[in-house]
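Chemist: Any chance you could fold what I've pasted below:
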Amino acid sequence: MHSILVCALYKFVRLDNFEKLREPLLQQLVDNQVRGTILLAHEGINGTISGSKQGVATVLDWLNQDERLVPLDVKESYNNNQPFHRSKVKLKKEIVTMGVDDIDPQQHAGTYVEPEDWNELISQDDVLLIDTRNRYEVEIGQFENAINPETDSFREFPAYADKELSGDKKKKIAMYCTGGIRCEKSTAYLKQQGYTDVYHLKGGILKYLEQVAPEDSRWQGECFVFDERVAVNQALEKGSYEQCHACRFPITAEQMQHQHYQPGISCPRCYGKHSTEQLERFGERQKQMELAKSRGEEHIGMAAKQAGNKRKRQKLSNRKSSSD
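Modeler: The predicted structure is shown next:
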C-alpha cells in the first residue's frame with residue numbers, strides 16, 4: 001500500500017496581504033512533516049505537497065480556515081516514496097507565470113467541463129483541442145487529436161494564441177493542462193481577447209485520470225508531474241520515465257542506454273549544450289548523490305541536513321572519546 005499522499009492544490013482568489021501567510025503556512029508544513037512547494041501571490045495559491053494522509057489533511061484543514069481559499073481545487077495521488085526533499089512557501093507575482101498583466105481568471109475564465117463530460121466535448125468535430133503545457137510534457141502524453149503549441153514555457157502561450165488563433169473569435173476551443181491552473185488562466189486570456197466559446201478541463205489531466213475509468217479514457221501516454229516521480233500513469237502511479245538531472249527533462253530507459261547519457265551530467269537531449277563549469281558542477285552533485293545513496297541517506301533536503309548533523313555529532317563524540 002502506498003504510504004505517501006501527494007496533493008496538488010490551487011485557487012485563483014484575491015489574496016490581500018498574502019505575504020503574511022508565508023511564515024505560518026511554512027510552519028504548518030514543517031510541524032506536520034509535509035514537504036513540497038506552495039506559491040502565494042495576490043492572485044491566489046498554487047502548489048503540490050506530500051506527506052502522511054493525516055499530515056496533509058491537517059495542512060488542508062488549516063488552509064480551509066481562511067474563507068478566501070474555500071473551496072481549494074485539490075487532486076490526490078499516492079506514492080511509495082516522498083517525492084519532495086524540502087518544505088517551501090514562496091512569494092510570487094503570479095501563481096502560474098504567463099507574464100501578462102490584468103488577467104483575471106475569477107472574472108473571465110472559460111467554461112468548466114467536468115472530467116466525466118470531457119470526452120463528449122472533445123469528440124465534437126467543431127472543437128479545437130489545445131494542450132497548454134510545455135513541449136516536453138506533451139511529448140510523453142496527451143489527449144487524442146490535441147494540438148501541441150510547441151512552447152517551452154507558459155509565457156509563450158499568449159504569443160502562440162495571438163498568432164495561431166487569430167480570426168474566428170466564435171470558434172469553439174477546449175484547453176487542458178496538468179492540474180487545471182494553466183488552462184484556467186489561458187482561457188481567461190482568450191476570453192479577454194474576445195473569444196466567446198472557450199472551455200477547459202476542470203481539475204486538469206490529474207482529475208480526469210482520477211475520475212474516468214481506463215477503458216473510457218481518451219488520454220494517451222503518461223502525465224508529466226513536477227516532482228521526483230517525473231510522470232504518472234493512468235492509475236496515477238509513478239510512470240516509466242526518469243529525469244535527466246542536467247536538463248530536468250523526462251527520459252526513457254532506452255535513452256538511458258544511449259552513449260550520450262551520463263547520470264546527472266547529460267542525456268541525448270542536452271549533450272553538448274552545457275558549459276565546462278556546469279558539467280563540473282553537475283559531476284560534483286552526482287558524486288554527492290552517490291555518496292549519500294551508499295550511506296542510505298538523502299542527498300538534499302531536510303533528511304539530508306539531519307543526516308549531516310548526525311554525522312557531525314558522531315565525529316565530535318568520537319574525537320572526545322579519543323582525547324579522554
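Chemist: mind giving me the domain split of this protein?
Modeler: 4-91, 105-221 (automatic domain parsing).
Chemist: Identify whichever of those lies nearest to Gly296.
Modeler: Closest to Gly296 of the domains of the chain is domain 4-91 (CB to CB; 13.4 Å). In short, each C-beta sits where N, CA and C put it, glycine included.
Chemist: Same list (the domains of the chain) but as JSON lines, adding distance to Phe249, mean pLDDT and mean neighbour count.
Modeler: JSON lines is the format used below for the domains of the chain (distance: least, CB to CB, whole Å; pLDDT from 0 to 100; neighbours: other CB atoms under 10 Å):
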{"stretch": "domain 4-91", "distance to Phe249": "17", "mean pLDDT": "97", "mean neighbour count": "18"}
{"stretch": "domain 105-221", "distance to Phe249": "5", "mean pLDDT": "95", "mean neighbour count": "18"}
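Chemist: Quick one: closest of these to Ala246.
Modeler: Short answer: domain 105-221, nearest of the domains of the chain by CB to CB, at 13.6 Å.
Chemist: Between the two ends of that closest one, how far is it?
Modeler: 29 Å (CA to CA, to the nearest Å).
Chemist: How about stretch 116-131?
Modeler: 18 Å.
Chemist: Residues contacting that stretch, please?
Modeler: Outside stretch 116-131, the residues that touch it by CB atoms under 8 Å, 6 or more residues apart in numbering are 113, 137-138, 142-149, 165, 171-177, 199, 201, 208, 211-212, 216, 218.
Chemist: ok, back up a step: for Glu297, which of the domains of the chain is the nearest?
Modeler: domain 4-91 (11.6 Å).
Chemist: end-to-end on the closest one?
Modeler: OK, domain 4-91 end separation, CA to CA: 26 Å.
Chemist: I'd like the distance from the residue most central in space within the chain to Leu165, if you could.
Modeler: The chain has Phe226 as the residue nearest its centroid, 3.5 Å off, counting by CA atoms, centre = their mean. Per CB to CB, to the nearest Å, Phe226 is found 27 Å from Leu165.
Chemist: Name the SS class of Lys75, please.
Modeler: strand (DSSP: H, G, I helix; E, B strand; the rest coil).
Chemist: Enumerate every residue touching it.
Modeler: 7-9, 179, 203-204, 206-207, 210.
Chemist: re the thing from before, shouldn't the residue nearest to the centre of the chain be in contact with Asn46?
Modeler: No: at 11.0 Å, Phe226 does not count as touching Asn46 under the criterion of CB atoms under 8 Å.
Chemist: Enumerate every residue touching Ser240.
Modeler: So Ser240 contacts 222, 231, 233, 252-253 (CB under 8 Å, 6+ apart).
Chemist: Next one: it from Ile173, what distance?
Modeler: Taking CB to CB, one finds Ser240 at 32 Å from Ile173.
Chemist: picking up where we left off before, wait, is the residue nearest to the centre of the chain part of a helix?
Modeler: No: under three-state DSSP, Phe226 sits outside any helix and is assigned coil.
Chemist: How about it: what's its closest non-neighbour residue?
Modeler: Thr48 (6.8 Å; CB to CB, 6 or more residues apart in numbering).
Chemist: quick one: contacts of the helix or strand that neighbour falls within?
Modeler: Using DSSP states H and E, Thr48 falls within strand 44-51. Strand 44-51 is contacted from outside by 4-15, 29, 32-39, 56, 59, 63, 69, 72, 79, 82-84, 95-96, 181, 225-227, using CB under 8 Å, 6+ apart.
Chemist: Give the other helices and strands that the next helix or strand after that strand contacts.
Modeler: Using DSSP H and E, the helix or strand that directly follows strand 44-51 along the chain is helix 53-63. Contact here means 3 or more CB pairs under 8 Å, 6 or more residues apart in numbering; DSSP states H and E; on that basis helix 53-63 packs against strand 4-12, helix 22-31, strand 44-51.
Chemist: let's go with 10 Å and repeat that
Modeler: strand 4-12, helix 22-31, strand 35-41, strand 44-51, strand 73-79 (3 or more CB pairs under 10 Å, 6 or more residues apart in numbering; DSSP states H and E).
Chemist: and the second one with strand 44-51, angle?
Modeler: When axes from the mean of the first three to the mean of the last three CA atoms, to 10 degrees is applied, the directions of helix 22-31 and strand 44-51 differ by 20 degrees.
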